[in-house]
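Trainee: Provide a 3D model corresponding to the input given below.
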Amino acid sequence: MSAPRWFQKNISVTAPSRGCHLITPDINKAIKGEIATVKIGMANIFVQHTSCSLTINENADPDVRRDMEVALNKIAPASWNHDGTFKHTMEGDDDMPGHLKSSLMGVSLNIPISDGRLALGTWQGIYLNEHRDQGGWGGGHTRRIVITLQGQSQ
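Mentor: Next up is the predicted model:
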């Protein structure tokens, strides 16, 4: 058996707005050459920010992404910045709720690699969940993502 191989790519993804955005094509494009050499392994996808998150969910009906955003806003409403619930409010009404949503949803995913591709189910896609209207201090929604692949060669 050959020694495990490791690959790492850094990409930036720009969310067009607050909400849940399907980024599976961005991930697949970034790792196309490297993942093709992996027979069996694991991909770790990590977003380097504290007010966005990653998750896997349905990739077919865009209403799912809209409904996820609506539900997250009910779980952690911006109104908590004004009723005394949150003390960390200096970065805007969406900042502390964004941090909470990021912690609830998570900033990394582990996805098996099988025969040179991500072993996602038929209806599964990778979402970047942007929890800020302004995208943090940078004034946009560009998020840095580190993709690490490990596994046995084909």
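Trainee: Please, which helix or strand holds Asn110?
Mentor: Assigned by DSSP states H and E, Asn110 belongs to strand 108-114.
Trainee: helices or strands next to the next helix or strand after that strand in the packing?
Mentor: Counting by DSSP H and E, the element after strand 108-114 in chain order, helix or strand, is strand 117-118. Strand 117-118 is packed against helix 24-35, with contacts defined by 3 or more CB pairs under 8 Å, 6 or more residues apart in numbering; DSSP states H and E. Placement of C-beta: from N, CA and C, glycine included.
Trainee: Which of the residues in the helix it packs on are classified as buried?
Mentor: Asp26, Ile27, Ala30, Ile31, Glu34, Ile35 (16 or more other CB atoms under 10 Å).
Trainee: which helices and strands does it pack with?
Mentor: With 3+ CB pairs under 8 Å, 6+ apart as the test, helix 24-35 has strand 5-14, strand 38-47, strand 117-118, strand 124-130, strand 142-153 packed against it.
Trainee: Could you check what's spatially nearest to Asn73, not counting adjacent residues?
Mentor: In space, and not counting its chain neighbours, Asn73 is closest to Pro97: 7.7 Å by CB to CB, 6 or more residues apart in numbering.
Trainee: Turn the helices and strands packed on helix 24-35 into CSV, including mean pLDDT.
Mentor: Converted to CSV, these look like this (pLDDT from 0 to 100):
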stretch, mean pLDDT
strand 5-14, 96
strand 38-47, 98
strand 117-118, 98
strand 124-130, 97
strand 142-153, 96
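Trainee: out of those strands, which comes closest to Asn57?
Mentor: The closest of the helices and strands packed on helix 24-35 to Asn57 is strand 124-130. By CB to CB, the value is 5.9 Å.
Trainee: Sweet, I'm off.
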